[in-house]
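Chemist: have a look at this prediction, sequence included:
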There are 2 protein chains.
Amino acid sequence: MSNTSVSSIRRGDLARATGCNPETIRYYEKIGIMPDPPRSTKGYRSYDDTHVRRLKFVMRSRALGFSLEEVRGLLGLVDNRIQTCAEVQAMAEVHLGEVRAKIADLTRIERVLSETVARCTGDAAPDCAIIDALFDA
Amino acid sequence: MSNTSVSSIRRGDLARATGCNPETIRYYEKIGIMPDPPRSTKGYRSYDDTHVRRLKFVMRSRALGFSLEEVRGLLGLVDNRIQTCAEVQAMAEVHLGEVRAKIADLTRIERVLSETVARCTGDAAPDCAIIDALFDA
DNA sequence: CTAGGGTCTGTAGTTGATACAGGCTCAAGG
DNA sequence: CCTTGAGCCTGTATCAACTACAGACCCTAG
């Protein structure tokens, strides 16, 4: 009597359950991030809980900035095949380093840009401090 | 006697003078960021100082994170046509806002990611704190 | 005279999706 | 019962911003 019915849902339902664009689901299947789901007699994709869980995993990984190739690596451990935990940790650390590098880059850009914008008077003259800065930097 | 010789340089020279990939120069010409340069009798592109200056301008703008469409806008004032200084200032401020938003995003990602990585023991066990976090977040 | 480097063109690949076009199927309302 | 609209199917095109060929010239130094 337990509610273990593996309720079969369609692509739109999976999209709504995860917040993922339906087209993106198809894309993930094409590149092998998501498995090819079983089909109904009429060819409709048929998903269940495992797909919801896996797609949410992918989306959280993406939200943390992992590339799809990195996600593929993470899933390698999930699928209990390729990766070990130590490898996952190493990958996450590399990724963390990249995130920090990006922050450093953008912070430098932010500083230069805000200084430049501050120097601009904003009137309609043909001279522009921003343009000058870009030319003479 | 002044050295005003408009020395004609080739694509590779322009690339070396600016640090820009030669293929990228061709691309910028195709999309109209850089003008179609005059050609030698044999069809070789022929550049001068103005091209060096303009390409450096483009590259500095790109280095500050402006999109090519934004660079096109900036060049609109350089070319003394479309944009006013006030419009350039407004654009730069919008861009600055986007940069700050990206920094905020990445900082949040950095925090979550470093917390997650810290929780990982890094041994070879099939359990992995990183994977678990991505599943259960 | 030939070997190498540079140049020319057009085209395809990259990442991570998103957006059609053209056709099928399905459920609800009249 | 029929229509209408939503959803699904496929394949393909598009976006940013480049990068990387292939195949053909050309030019110069040894």
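Modeler: Perfect, I can see it now. Small disclaimer: the values here were computed from a predicted structure and weren't measured. Numbering: from 1, shown residues only, chains lettered A, B, ... in the order given.

Chemist: and the residue of chain A nearest DNA strand D?
Modeler: Nearest residue of chain A to DNA strand D: residue A:12, at 2.7 Å (CB to the nearest atom of the strand). Every residue, glycine included, has its C-beta placed from N, CA and C.

Chemist: and that residue, what element?
Modeler: Using DSSP states H and E, residue A:12 falls within helix A:11-18.

Chemist: how about that helix: buried residues?
Modeler: A:11, A:14, A:15, A:18 (16 or more other CB atoms under 10 Å in any protein chain shown).

Chemist: which among the residues you listed gets closest to residue B:131?
Modeler: Distance to residue B:131 across the buried residues of helix A:11-18 (CB to CB) is lowest for residue A:18, with 18.0 Å.

Chemist: in contact with the closest one, which residues?
Modeler: By CB atoms under 8 Å, 6 or more residues apart in numbering or on different chains, the residues touching residue A:18 are A:52, A:55, A:56, A:59.

Chemist: with residue A:46 instead?
Modeler: A:8, A:9, A:10, A:37, A:38, A:39, A:40.

Chemist: apart from its chain neighbours, what residue comes closest to it?
Modeler: residue A:8 (4.6 Å; CB to CB, 6 or more residues apart in numbering or on different chains).

Chemist: just flag the most distant two among the contacts of residue A:46.
Modeler: A:9 and A:39 (13.3 Å).

Chemist: who has more neighbours, the two?
Modeler: residue A:9 (19 against 10; other CB atoms under 10 Å in any protein chain shown).

Chemist: so who does the more buried one touch?
Modeler: A:17, A:46, A:47, A:48, A:52.

Chemist: and for residue A:10?
Modeler: A:44, A:45, A:46, A:47.

Chemist: state the pLDDT value of it.
Modeler: In this model, residue A:10 is scored at 96, pLDDT.

Chemist: for residue A:137, same thing?
Modeler: With respect to pLDDT, residue A:137 has a value of 74.

Chemist: burial measure for it, as a count.
Modeler: Neighbour number of residue A:137 under other CB under 10 Å is 13.

Chemist: what distance do you get for the residue of chain A closest to DNA strand D to residue A:23?
Modeler: According to CB to CB, to the nearest Å, residue A:12 stands 11 Å off from residue A:23.
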